[in-house]
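Q: predicted model, plus sequence, below.
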Amino acid sequence: MNEQSKVDTNSIKIIGLSMVIILIVGFSIFFFTIQSSKQILEKDVFFLHQSFLSQLDLDTDKIFIIGSSHVNAIDPNLIQEQLSNIKYDFDVYNLSLGGYSLEARSKTIDLIIDAKPKIIIFGISEDDFANELRKVDIKLETPKSIFPNPQDSFNYILTDSFLEKHDFLQSPRYFLMNALSIKFNSFNAGEIAIISENIPESKMPFFIPSEKNYVVMKNIDIRNDFDRKAYPISPLEDNKKLIIFKNMLEKFEENNIKVIIFTTPFNEVYFETYTGYNKKPFDEIIENISNEFDLEIHVLTEKYSKLEIWNDYQHIALGLPSKIYTEDITKIIIDEIKK
């Protein structure tokens, strides 16, 4: 080997080593930044629940509506009024929080139980059980390279057990976008103090609506704006989100809290573009929950799909358009109370 070849080989090694070092340093910075953001977000959410729930009167009969932004349109004031008209005296609160996963919700479950609600109404959809943090592996044949493959390094470091402990690394982009959605769509740092001061007057303490939430969109506009990434639902025996959900139901059961479960509605545009590969596993999850806990799951998934009441493909517009949704939830509550 001549001197020039030796120099070229050494240069390649130095470049390769430099790339590895840069990768490790960049990953470390990213890791700690996202981890810190996650911890701050969880503390904010926990603080909101603690501030709200700790101020409620423990001697009143309460109904809590729980779920993602899909249940934002349910009006707790209207439910309370309609129940009062037939002599059911409940304080009704909608605790929905957009982008809030079952895992994150489970971390506030003890606070919810300590507030002593009589009834929990839980809105769920296939999104709650989808494995959005684990992308489907697509293996492509790539030419051999003299440089180290970053993906191989990540696959070696990020084992399943490591990813389970640091879930945000399974899909950092998903976590970051999810965090931003919660932080800026549901509340922001400046609004936390405002929300706390207004508790317990607010019946929807974690959702601050804007004018756009009241707009009814035409289907043609919903189609044009439609942007959805579908993630697969893991099988029953491997679905960790189902385990988390069942643990929550068990805790409610242990504390004599009645649970009502319904599936949240979607616009027909969603079903036009929907591949349907999650329908069977979601139906299996519903059936499994129903059988194990002896619960009727109230299916509203397609009930309003063709009505002109939609803000987008998955959210019913607030105000008058949502009245039918709220009234149906009220009927479900009444039927369940009478059982």
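A: Structure's in. What do you need?

Q: can you give me the helices for this structure?
A: 3-53, 76-85, 102-106, 109-114, 150-157, 160-165, 172-181, 189-198, 219-225, 240-254, 268-273, 279-293, 323-338 (DSSP state H).

Q: in the third one, what's buried?
A: Going back to what we said before, that points to helix 102-106. 102, 104-105 (16 or more other CB atoms under 10 Å). Yep, even glycine has a C-beta here, placed from its N, CA and C like the rest.

Q: distance check, Lys258 against Ser290.
A: 15 Å (CB to CB, to the nearest Å).

Q: who's more crowded, these two?
A: Between Lys258 and Ser290, counting by other CB atoms under 10 Å, Lys258 is the more crowded of the two (17 against 13).

Q: got a list of what the more buried one touches?
A: 118-120, 252, 336 (CB atoms under 8 Å, 6 or more residues apart in numbering).

Q: switch to 6 Å and redo it
A: Taking CB atoms under 6 Å, 6 or more residues apart in numbering, we find Lys258 in contact with Ile119.

Q: do you know the pLDDT at it?
A: As predicted, Lys258 sits at a pLDDT of 97.

Q: ok, Asn219 next?
A: So, for Asn219, pLDDT stands at 89.

Q: count the neighbours of it for me.
A: Count around Asn219 with other CB under 10 Å applied: 16.

Q: any idea how far Asn85 is from it?
A: 35 Å.

Q: same thing with Asp328?
A: 16 Å.

Q: Asn255 now?
A: From Asn255 over to Asn85 (counting by CB to CB), the distance is 29 Å.

Q: of the two, who's got more company?
A: Asn255 (13 against 8).

Q: check what pLDDT the residue nearest to Ile337 when sequence neighbours are not counted gets.
A: Setting aside the residues directly before and after it, Ile337 is nearest to Tyr88 in space (CB to CB, 6 or more residues apart in numbering), at 6.6 Å. We note a pLDDT of 96 for Tyr88 in this prediction.

Q: in the stretch 51-200 of the chain, where is pLDDT below threshold?
A: 132-200 (pLDDT under 70).

Q: try 80 this time
A: 99-101, 132-200 (pLDDT under 80).

Q: same question, the stretch 201-339 of the chain
A: 201, 226-231, 273-277.

Q: can I get stretch 206-213 as PDB, trimmed to CA atoms?
A: Extracted in PDB, the C-alpha atoms of stretch 206-213 (Å, rounded to 0.1, in the frame of the first residue of the first chain):
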ATOM      1  CA  PHE A 206     -58.700  21.800  30.600                       C
ATOM      2  CA  PHE A 207     -60.100  23.100  27.300                       C
ATOM      3  CA  ILE A 208     -60.000  26.700  26.200                       C
ATOM      4  CA  PRO A 209     -62.100  26.900  23.000                       C
ATOM      5  CA  SER A 210     -61.400  29.400  20.200                       C
ATOM      6  CA  GLU A 211     -63.700  30.700  17.500                       C
ATOM      7  CA  LYS A 212     -62.500  28.200  15.000                       C
ATOM      8  CA  ASN A 213     -63.800  25.300  17.200                       C
END
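
Q: which outside residues touch that stretch?
A: Contacts for stretch 206-213 (CB under 6 Å, 6+ apart): 48, 72, 96-97, 186, 318.

Q: any chance of those residues in TSV, plus neighbour count?
A: Compiled in TSV, the contacts of stretch 206-213 are given as follows (neighbours: other CB atoms under 10 Å):
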residue	neighbour count
Leu48	23
Asn72	25
Ser96	23
Leu97	26
Ser186	21
Leu318	21
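
Q: closest to Glu302 out of the buried residues of helix 102-106?
A: Leu102 (22.6 Å; CB to CB).

Q: was I right about the closest one contacting Lys241?
A: Yes - Leu102 lies in contact with Lys241 (CB atoms under 6 Å); the separation is 5.2 Å.

Q: quick check: Phe52 touching Met204?
A: No - assessed by CB under 6 Å, Phe52 is found out of contact with Met204, at 10.3 Å.

Q: of the two, which one has the most company?
A: Phe52 (21 against 17).

Q: number of nearby residues for Glu57?
A: Heads up, residue 57 is Asp, not Glu. Neighbour number of Asp57 under other CB under 10 Å is 11.

Q: roughly how far does it sit from Gln82?
A: For Asp57 relative to Gln82 (CB to CB), the value is 21 Å.

Q: cool, Asn224 as well?
A: Applying CB to CB to Asn224 and Gln82 gives a distance of 36 Å.

Q: of those two, give the one with the bigger neighbour count.
A: Comparing Asn224 with Gln82 by other CB under 10 Å, the one with more neighbours is Gln82, at 19 against 11.

Q: wait, the more buried one touches Thr330, no?
A: Yes - using CB under 6 Å, Gln82 is in contact with Thr330, at 4.8 Å.

Q: circling back: ok, so of the buried residues of helix 102-106, who is nearest Gly67?
A: Closest to Gly67, out of all of the buried residues of helix 102-106 and judged by CB to CB, is Arg105, at 8.8 Å.

Q: fine by me, thanks again.
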